[in-house]
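> Predicted coordinates and the sequence they were generated for:
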Amino acid sequence: QQQQQQQQSSSQSSITTQSKQQFTNSQSQPMKTTQINKPDPAQLKQLVDSVDWIVSTAVLEYQQQLLTEQVSQLCQQGKPHTLEDARLSLITKKINSIAKTIQNGSVSFDDYTKQLNNKIVKEKTIAKQLAKAGDTATAKDCLGRVIIMQKELEGEEYVNMGI
């Protein structure tokens, strides 16, 4: 029995020593970095064009205004506008949802401003990626949303900014 206990103790000690050596070796050698796949510009465009991506009521209201004008023009031209109507409905629902969450206290105004600041950083990052990929139009849209959110944080109006 004593031999068995000594063997178990010895093997546990050996495992512990091996683990320590592996940990030490992995810490002393430079870490290998794995290359992250570059984001697909088409997927980025789809992401930033989604109503779910938008967290700013000012951006939503701006898009609501543009879509309302676009639907009006399409109606006058007798052209279909079902996609625009659907997006307009989603935007309106999202505006109401954000307003309710702030009003009922689910999200504080401080949390809302943090969300805006975080989204500004993300929009700028994606704008750079899109510009590098050659999609300057969508990159400009991202930067336009950044300007609107910055104005919202400063308490300024975003209307008639030429974006």
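Thanks, I have the structure now. These numbers were taken from a predicted model, which means no experiment stands behind them. Residues are numbered from 1 along each chain as shown.

> Only C-alpha atoms from now on, for both contacts and neighbour counts.
OK.

> ok, now how distant is Val107 from Thr113?
Distance from Val107 to Thr113, counting by C-alpha to C-alpha, to the nearest Å: 10 Å.

> no, scratch that, I was asking about Thr125
Distance of Thr125 to Thr113, given as C-alpha to C-alpha: 19 Å.

> Likewise for Ile95?
Computed with C-alpha to C-alpha, the distance linking Ile95 and Thr113 is 15 Å.

> Looking at the two, which is more packed in?
Here Ile95 and Thr113 are compared on neighbour count by other C-alpha atoms under 10 Å; more neighbours surround Ile95, at 20 against 16.

> give the contact list for that one.
The contact partners of Ile95, taken as C-alpha atoms under 8 Å, 6 or more residues apart in numbering, are Thr57, Leu60, Glu61.

> what sits against Lys94?
Shown here is Lys94, whose contacts under the criterion C-alpha under 8 Å, 6+ apart are Val51, Leu60.

> contacting residues around the helix or strand hosting Gln65?
Applying DSSP states H and E as the criterion places Gln65 in helix 57-76. Where contact means C-alpha under 8 Å, 6+ apart, the residues beyond helix 57-76 that reach it are 54, 80-81, 84-85, 88, 91-92, 94-95, 98, 145, 148-149, 152, 158-159.

> for the helix or strand following that helix, which positions count as buried?
On the C-terminal side of helix 57-76, the nearest following helix or strand under DSSP H and E is helix 82-103. By neighbour count on 16 or more other C-alpha atoms under 10 Å, the buried set for helix 82-103 is Glu84, Arg87, Leu88, Leu90, Ile91, Thr92, Lys94, Ile95, Ile98.

> do you know how far Val48 is from Val55?
11 Å.

> same question, Tyr62
13 Å.

> ditto for Thr138
Taking C-alpha to C-alpha as the measure, Thr138 falls 18 Å from Val55.
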